[in-house]
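Trainee: Everything below, folded, please.
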Amino acid sequence: MLLLTLLLGPGGLIIFGVGTQYKAPWVVPLIGTFMTYGSLSLLANYRNCGACIGGNIVYTYFADVYLERADAALVVLNGLKNWSAFGIVYAVTPWNTHSGYAVSFGCLAVILFLFHIPMLVLWLWGEQIRKWQAERFDSAKENHHGATF
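Mentor: Here you go, the predicted structure:
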């Protein structure tokens, strides 16, 4: 599923941007939107793909690996996610006006692809990373809710 989102998410952004920039028929940007955010339940029994499922993968991984520190890890992860989402939403309208849809959505496709690389690393080498961290960090110590902050 991760490889599917790695390809369909950025591909959908490129199709949407190029289709909108060059005034393609309405179905072309719709296909791009479907690829990035749409329902792929027929293909993989998941409801969301592309940009939506990546956050769920990372949240689940952090909650599983850092169970004793899940509150702090998820707060930091959520803060970074919201900070990046605000930055993109704040900048996308002037960016589209200045550079056009093809350039801005092509850059967003690259950003989405780059955000998938850590998930791919966790998918491929997650077990080795967890073992390495367990040997070097005292993450098994009991934690009280909110003690990290």
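Trainee: low pLDDT regions in the protein?
Mentor: By pLDDT under 70, the weakly predicted segments of the chain are 1-2, 38-55, 137-149.
Trainee: what's the longest helix in it?
Mentor: Longest helix in the chain, counting residues (DSSP state H): helix 101-136.
Trainee: which parts of that helix are buried?
Mentor: 101-102, 104-109, 112, 115-116, 119, 122, 130 (16 or more other C-beta atoms under 10 Å). (Glycine included, C-beta is placed from N, CA and C.)
Trainee: just stretch 91-103 next, same as before
Mentor: Those would be Trp95, Asn96, Gly100, Tyr101, Ala102, for stretch 91-103 by 16+ other C-beta under 10 Å.
Trainee: quick one: which of those is nearest to Asn78?
Mentor: Closest to Asn78 out of those is Trp95 (24.7 Å), distances taken as C-beta to C-beta.
Trainee: What distance do you get for the closest one to Ser104?
Mentor: 4 Å (C-beta to C-beta, to the nearest Å).
Trainee: can you check Val65 too?
Mentor: For Val65 relative to Ser104 (C-beta to C-beta), the value is 35 Å.
Trainee: Dump the buried residues of helix 101-136 to JSON lines, plus distance to Trp83.
Mentor: JSON lines is the format used below for the buried residues of helix 101-136 (distance: C-beta to C-beta, whole Å):
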{"residue": "Tyr101", "distance to Trp83": "24"}
{"residue": "Ala102", "distance to Trp83": "26"}
{"residue": "Ser104", "distance to Trp83": "19"}
{"residue": "Phe105", "distance to Trp83": "21"}
{"residue": "Gly106", "distance to Trp83": "23"}
{"residue": "Cys107", "distance to Trp83": "18"}
{"residue": "Leu108", "distance to Trp83": "16"}
{"residue": "Ala109", "distance to Trp83": "20"}
{"residue": "Leu112", "distance to Trp83": "16"}
{"residue": "Phe115", "distance to Trp83": "13"}
{"residue": "His116", "distance to Trp83": "18"}
{"residue": "Met119", "distance to Trp83": "18"}
{"residue": "Leu122", "distance to Trp83": "21"}
{"residue": "Arg130", "distance to Trp83": "27"}
